[in-house]
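Peer 1: 3D model of this:
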Amino acid sequence: MSTTGAAALGAARLRQLFWAASAATLGFRVWLAWWLPFTGDEAYFVLWARQPDWSFYDHPPVAGWLLAALLSVSQAKLVLRLPAVLLPTILAIGIAWLVATLARDRRSPASRSDAEALGFATALAWLLVPAQVLNVATTTDTPLLYLAFGSLAAFALGVRRGSAWLFAVAGAALGLAFLSKYFAVLLGFGYLVFTLLVRRPGRWRELAVVLAAAAPFVAVNIAWNYEHCWTNVLFNVFNRHGDAGFAWYRPLLFAALAVYVSSPLLVWQLARGGPAVRAAAADPAVASIAVCALAPLAVFAALSVVKDIGLHWLLSLTPALFMTGAFALGAAQLLASAKFLAGFAALHVVAVLALAAVPLEALQRFKQYDSIVLAARTGELLAALQPYEGKFTFAADSYSPAATLGYHAAVLGLTAQPGATEAWRRHHFLVFGRAAVHGRHDDILTDFRQLAGKDILVLRRDEADPKRYAPYFRSVEVRDVTVAGATFRLILGEGFDYPAYRDRVLAEIRARYYRIPAYLPQGRCYFCERYFGTRTCPAP
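Peer 2: Sure, this is the predicted structure:
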């Protein structure tokens with residue numbers, strides 16, 4: 001058989017393997033999305049979507065916009081999870097196409113069959129990473145992954161073809177990625193590092209086009225923050241890093257996560273193949289992809305000395321890492337990674353299927369059993385609250401149970417809140433108490449002044465001392481509700497004392513979570529304007 005015939009057979013076989021793996025993993029994710037209870041974070045983002053805005057407390061708005069569009073179709077969790085369920089398949093197709101396109105367009109172009117084989121091997125390996133096989137939750141990372149890949153693809157093709165239009169597309173996608181999650185700035189950082197390192201005619205003009213196309217989207221976010229207490233900035237830059245500090249294990253944990261979300265074999269092959277990586281990066285288009293993988297990883301590695309790096313923080317970097325491996329290592333080594341990952345992912349699938357077969361009550365020994373029950377048996381818990389419907393305004397002590405209960409209440413048509421008019425408010429569980437830095441969008445949605453004198457039911461998953469709530473109500477009673485062996489506490493507060501709550505709780509929230517630095521100019525701050533009579537929050 002000729003060399004060309006063998007290459008064509010290889011491409012054809014890899015194409016078949018890719019589509020078979022795509023069908024199998026997509027089918028599994030559809031089942032998983034149907035079986036897995038809605039998470040607190042997902043319910044929280046649906047809360048955004050019920051009242052779309054130009055941004056939300058924790059993050060910029062694209063995830064909320066995406067879910068708002070899906071809510072217009074259905075509130076079913078499978079529908080709301082479709083962007084995440086489809087994401088690995090769609091991005092894998094994009095990876096196969098981009099790698100094959102760049103391979104054909106290189107100075108020493110591969111044959112069409114060789115290029116396709118490289119593309120399908122790369123996409124197959126990425127598709128079989130366990131983090132992709134199990135990815136069913138539509139979160140802020142979902143649109144970030146779509147948009148970051150689209151931006152990188154346009155940028156790499158722009159580098160190859162010298163097209164200003166492609167750089168403009170890369171910039172617009174980067175801007176939208178920024179409106180998904182601030183981590184998009186790391187992709188922009190990759191573009192800057194590439195421009196600095198790879199000397200090419202017109203490179204600064206190309207970067208300027210990217211930044212100019214991204215700038216309007218950044219301006220939208222700045223304008224919203226200026227009029228909304230700078231909450232995106234406060235959360236992402238200041239408030240959420242209270243646990244930061246040196247710990248010897250953090251870099252090791254980061255390294256383990258980086259290997260886990262990519263491929264142990266691929267990382268080992270790349271580490272051993274330094275000269276091959278440098279040779280592949282002689283092609284500027286390949287170098288742009290490699291830099292956009294390695295520069296953000298270097299930033300995370302440096303941060304890991306003092307900060308825990310979340311697994312999901314790394315997901316948007318993995319397509320670039322696999323594509324770097326494609327051009328440095330070749331189809332054979334990517335296929336070896338795919339074979340390893342197929343077995344590794346199969347272990348995860350078996351574990352999930354085994355967990356699905358276990359009765360819920362068998363998990364009672366786990367510390368988080370009450371949270372599991374709240375997510376898995378939310379309807380039963382809501383039914384237990386029905387005797388209080390109409391008299392009490394419903395609340396929870398943190399954002400996750402509040403959002404979860406609110407989402408399911410809307411789906412099931414339960415819990416009409418007293419005095420509520422808008423449809424989304426009829427099923428809204430507010431957050432009562434200081435809570436935590438995460439999930440503070442309820443600060444925007446709930447106006448405690450309107451609850452003065454009303455009765456409030458606060459659901460808790462742990463022990464509740466009525467003395468903690470006594471200062472804020474005329475009378476307080478604690479009752480227990482048991483669902484599937486998990487006990488939940490109901491704080492029944494009658495006659496809400498808003499002034500006392502403002503002076504103790506809301507004042508502490510202002511001091512802890514609305515400490516706007518003096519160097520940030522303030523337009524308005526809803527929190528201080530609403531509760532403390534000042535248009536802005538005083539700088540610390």
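Peer 1: May I ask you to confirm that E463 belongs to a strand?
Peer 2: No: counting by DSSP: H, G, I helix; E, B strand; the rest coil, E463 falls outside a strand, being coil.
Peer 1: what's near enough to touch it?
Peer 2: Each residue near E463 by C-beta atoms under 8 Å, 6 or more residues apart in numbering is listed here: R489. Every residue, glycine included, has its C-beta placed from N, CA and C.
Peer 1: same question, L211
Peer 2: Applying C-beta under 8 Å, 6+ apart, the residues contacting L211 are 171, 188.
Peer 1: Which secondary structure element is home to it?
Peer 2: helix 203-226 (DSSP states H and E).
Peer 1: For that helix, buried residues please.
Peer 2: 203, 206-207, 209-211, 213-214, 217-218, 220-221, 224-225 (16 or more other C-beta atoms under 10 Å).
Peer 1: what's the most distant pair in those?
Peer 2: Greatest spatial distance in the buried residues of helix 203-226: R203 and W224, 32.6 Å, computed using C-beta to C-beta.
Peer 1: ok so, going back, take the buried residues of helix 203-226 and write them to JSON lines, including pLDDT and distance to A76.
Peer 2: Formatted as JSON lines, the buried residues of helix 203-226 follow (pLDDT from 0 to 100; distance: C-beta to C-beta, whole Å):
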{"residue": "R203", "pLDDT": "95", "distance to A76": "48"}
{"residue": "E206", "pLDDT": "97", "distance to A76": "44"}
{"residue": "L207", "pLDDT": "98", "distance to A76": "43"}
{"residue": "V209", "pLDDT": "98", "distance to A76": "42"}
{"residue": "V210", "pLDDT": "98", "distance to A76": "38"}
{"residue": "L211", "pLDDT": "98", "distance to A76": "40"}
{"residue": "A213", "pLDDT": "98", "distance to A76": "36"}
{"residue": "A214", "pLDDT": "98", "distance to A76": "35"}
{"residue": "F217", "pLDDT": "98", "distance to A76": "31"}
{"residue": "V218", "pLDDT": "98", "distance to A76": "34"}
{"residue": "V220", "pLDDT": "97", "distance to A76": "31"}
{"residue": "N221", "pLDDT": "98", "distance to A76": "31"}
{"residue": "W224", "pLDDT": "98", "distance to A76": "30"}
{"residue": "N225", "pLDDT": "97", "distance to A76": "33"}
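Peer 1: Which of these sits closest to L382?
Peer 2: Nearest member of these to L382, counting by C-beta to C-beta, is W224, at 33.5 Å.
Peer 1: Could you measure from A219 over to L179?
Peer 2: 11 Å (C-beta to C-beta, to the nearest Å).
Peer 1: So what's the residue count around A68?
Peer 2: 17 (other C-beta atoms under 10 Å).
Peer 1: Over to D243?
Peer 2: By other C-beta under 10 Å, the residues close to D243 number 9.
Peer 1: Next one: the closest residue to it other than its chain neighbours relative to G40, how far apart?
Peer 2: Nearest in space to D243, with sequence neighbours left out and distances taken as C-beta to C-beta, 6 or more residues apart in numbering, is D308 at 7.3 Å. Applying C-beta to C-beta, the value for D308 to G40 is 19 Å.
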